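*Asks:* sequence and predicted structure, then a few things I'm wondering about:
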Amino acid sequence: MLVIVGSTATGKSALAVFLAESLGGEVVNFDSMQLYRGFNIGTGKLSPGERRGIPHHLLDIVDPGQVFTAGDYAREAERMLVFLREKGSLPILVGGTGLYLRTLLLGLFEGPGRSEELRARLKRVAHRRSREFLHRMLRRMDPQSAARIHPRDTQKTIRALEVCVLTRRPFSSMLAQGRAGLQGFRAIKIGLNPDREELNRRIEARVEAMFNAGLMDEARALFESRALSSHSESPREGPFTSLGYPQALAAARGELSREDAIRETQAATRRYAKRQRTWFRRELDVNWFAGFGDDPAIQREVIDWLAGASLNSRSTAAEVGRTMAGSMISET
């Protein structure tokens, strides 16, 4: 299978569609926000026309209020990979949620299930005392986990504390036991690493385009639907907190000017892209390309590299696809 990684706005989806057309593949999403129904504009989800007839999987499979973890994703993705293998199609994974990809490839650790009651208590502590206070709790219980989790990453902090409390053991000690990774597939990883300044310009233009395409209306409609179903006064978690949606909702309510909402979203997206670069730089065996995935020159470079990696430099794209598919089946 092919895996395309990189920060937001690097053209990963465009490259995935191109490779799927060239190699007889189908696209499998690993972006955590594109899983959710109704979150289209702000997540950069390709429209049906932009998919150019290529099947896309694991999009629009989760309701906004539904809990969906990295473990849930790994189980769904593995089922989809097996389905595509049996079908004879080359899976092309694409997305920006590194945790989901790592969970799929490396597997899950044997830990306790979710405790909604405990999580609710910890969320109340974070709301009442601060996220940093919650992180200090983790530092006392599990210094090793606290060292690798950012103090403002409430979701990961809560999960680590949940494991510590339920098992009475440090989360880090359980992770150290190892886990069974994905079996039967060879992952060929492609990374996009364009010029930083040009990426920032693309991020700014992309955010403006999202607001011009109706992001404020989408955010308001999603929130109103959520409020009606949950009687909640504000979206505080899940996809409602993803990039652009809090700002677009604030602008739609008149709490923030449209211009300020755009600027805040642009700044937040640049910070997110930086975190993604840091994450994927730690991913093993990624073959990096210095450009954008919608650039025909980069697309040709990737195809040429795949030909060399799979067969030899004279192989055609179709031969590469057939060889990859055959290799994928024989390995199982």
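*Replies:* In hand now; what should we look at?

*Asks:* how about the contacts made by the closest residue to P239 other than its chain neighbours?
*Replies:* With sequence-adjacent residues excluded and distances taken as CB to CB, 6 or more residues apart in numbering, P239 is closest to Y36, at 4.4 Å. C-beta: built from backbone N, CA, C; applies to glycine. The contact partners of Y36, taken as CB atoms under 8 Å, 6 or more residues apart in numbering, are T43, D60, V62, D63, P64, G238, P239.

*Asks:* from these, list the buried ones, please.
*Replies:* Buried subset of the contacts of Y36 (neighbour count, 16 or more other CB atoms under 10 Å): T43, V62, P64, G238, P239.

*Asks:* TSV for these, including pLDDT?
*Replies:* Compiled in TSV, those are given as follows (pLDDT from 0 to 100):
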residue	pLDDT
T43	95
V62	93
P64	87
G238	67
P239	79
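
*Asks:* what's the closest of the residues you listed to G191?
*Replies:* Proximity of the buried ones among the contacts of Y36 to G191 was ranked by CB to CB; the top entry is T43 with 20.7 Å.

*Asks:* quick one: residues contacting that closest one.
*Replies:* T43 neighbours (CB under 8 Å, 6+ apart): D31, M33, Q34, Y36, P239, S242.

*Asks:* just give me the least confident of the residues you listed.
*Replies:* Ranked by pLDDT, those bottom out at P239 (79).

*Asks:* and that residue, that one's in a helix?
*Replies:* Yes: with DSSP: H, G, I helix; E, B strand; the rest coil as the criterion, P239 is part of a helix.

*Asks:* OK, contacts around it?
*Replies:* M33, Y36, F39, T43, P64, Y245.

*Asks:* how much space separates the fourth one from D153?
*Replies:* In this structure, T43 lies at 20 Å from D153, with CB to CB, to the nearest Å as the measure.

*Asks:* most widely separated two among the contacts of P239?
*Replies:* Longest span within the contacts of P239, CB to CB: T43 and P64, 11.9 Å.

*Asks:* which members of the contacts of Y36 occur in strands, if any?
*Replies:* With DSSP state E as the criterion, strands contain none of these.

*Asks:* and of those residues, the nearest to A213?
*Replies:* Checking the contacts of Y36 against A213 with CB to CB, the nearest one is T43 at 12.1 Å.

*Asks:* skip the chain neighbours and tell me the closest residue to the most centrally placed residue in the chain.
*Replies:* Among the residues of the chain, the one closest to the centroid is T97, at 2.3 Å (CA atoms, centre = their mean). Excluding its sequence neighbours, the residue lying closest to T97 (CB to CB, 6+ apart) is S32, at 4.2 Å.

*Asks:* same question, A126
*Replies:* Residue nearest to A126 in three dimensions, not counting chain neighbours: L134, with 4.6 Å by CB to CB, 6+ apart.

*Asks:* and that neighbour, how far from L108?
*Replies:* For L134, the distance to L108 equals 24 Å [CB to CB].

*Asks:* these two - which one has more neighbours?
*Replies:* Comparing L134 with L108 by other CB atoms under 10 Å, the one with more neighbours is L134, at 23 against 15.

*Asks:* can you name every helix or strand that the host helix or strand of the more buried one contacts?
*Replies:* When secondary structure is defined by DSSP states H and E, L134 falls within helix 131-141. Contacts defined by 3 or more CB pairs under 8 Å, 6 or more residues apart in numbering; DSSP states H and E place helix 131-141 against helix 116-129, helix 143-148, helix 154-167.
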